[in-house]
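1. missing the sequence, but the structure's below:
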Ligand SMILES: Nc1nc2c(ncn2[C@@H]2O[C@H](COP(=O)(O)OP(=O)(O)OP(=O)(O)O)[C@@H](O)[C@H]2O)c(=O)[nH]1
């Protein structure tokens with residue numbers, strides 16, 4: 001395994017079709033895959049980034065949005081170091097479902113891990129159904145960071161994951177300030193991290 005200083009597990013959740021797989025592919029492979037099929041259960045991809053001279057491995061878990069996979073995907077929340085809750089800015093229903101996803105997170109994920117709300121498909125602004133203001137208000141109320149992305153046009157995708165990597169690395173270096181899940185079991189040189197503070201705090 002490639003040497004690195006930290007390994008962080010980031011889990012993407014949200015309704016089917018909001019673009020979770022495309023966001024992960026865009027960040028890890030620089031691609032916008034055509035004809036992407038629905039995710040079955042869970043999948044993950046790895047990308048190593050450098051944060052302030054520190055090598056950080058991001059293990060990014062892409063969960064299926066379809067209800068029928070919920071019991072499988074829930075089991076991946078618990079060990080997440082950060083959660084990315086995604087909706088589609090052109091699809092109102094994916095936004096109105098967010099409170100249900102928050103309940104899922106509260107039930108199955110560790111408390112106080114960084115949580116980011118992502119409004120994806122920013123390239124389709126002419127079909128927008130959820131205003132940025134509404135989403136920002138929701139994010140504020142629920143103590144989430146908020147960013148709008150386009151996996152298709154690569155808008156803010158790099159920034160999303162790099163910001164999270166920075167936040168997680170900062171928190172890992174100051175574990176006394178943070179709280180979160182137990183460290184992952186690792187092989188090779190990667191060092192498990194301790195506990196993290198909430199991104200929105
Ligand atoms: N225009 C546009 N289309 C996107 C974007 N991201 C994803 N899509 C499209 O949205 C559809 C669903 O994308 P996926 O990445 O498979 O969605 P998902 O959230 O992983 O879906 P599940 O695996 O079913 O949970 C595909 O047709 C993508 O091409 C984007 O940023 N802009």
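-> Looks like it arrived, so ask away. Nothing here was measured: the structure is a model prediction, and the numbers come from that model.
2. burial count for residue 133?
-> Number of residues near residue 133 (other CB atoms under 10 Å) recorded here: 8. Every residue, glycine included, has its C-beta placed from N, CA and C.
3. please compute how far the longest helix belonging to the chain lies from its chain's middle.
-> Longest helix in the chain, counting residues (DSSP state H): helix 157-173. Averaging C-alpha positions (CA atoms, centre = their mean, to the nearest Å) puts helix 157-173 11 Å from its chain's average.
4. do it and the ligand meet?
-> No - figure legend: helix 157-173 not in contact with the ligand (CB under 6 Å from any ligand atom); closest approach 8.5 Å.
5. list the buried ones in that helix?
-> 157, 160, 161, 162, 163, 164, 165, 167, 168, 169, 171, 172 (16 or more other CB atoms under 10 Å).
6. could you give the mean pLDDT of it?
-> Taken as a whole, helix 157-173 carries a mean pLDDT of 94.
7. and that helix, what does it pack against?
-> strand 6-13, helix 20-29, strand 42-51, strand 54-63, strand 82-88, strand 115-120, strand 145-148 (3 or more CB pairs under 8 Å, 6 or more residues apart in numbering; DSSP states H and E).
8. rebuild those as a markdown table, extending it with distance to residue 71.
-> Shown next, in a markdown table, are the helices and strands packed on helix 157-173 (distance: least, CB to CB, whole Å):
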| stretch | distance to residue 71 |
| --- | --- |
| strand 6-13 | 14 |
| helix 20-29 | 18 |
| strand 42-51 | 12 |
| strand 54-63 | 11 |
| strand 82-88 | 18 |
| strand 115-120 | 21 |
| strand 145-148 | 28 |
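9. looking at the buried residues of helix 157-173, which is nearest residue 104?
-> Residue 104 lies nearest to residue 164 out of the buried residues of helix 157-173, by CB to CB, at 19.3 Å.
10. picking that back up, and the helices and strands packed on helix 157-173 as a markdown table, adding mean pLDDT?
-> Formatted as a markdown table, the helices and strands packed on helix 157-173 follow (pLDDT from 0 to 100):
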| stretch | mean pLDDT |
| --- | --- |
| strand 6-13 | 95 |
| helix 20-29 | 96 |
| strand 42-51 | 91 |
| strand 54-63 | 94 |
| strand 82-88 | 97 |
| strand 115-120 | 97 |
| strand 145-148 | 96 |
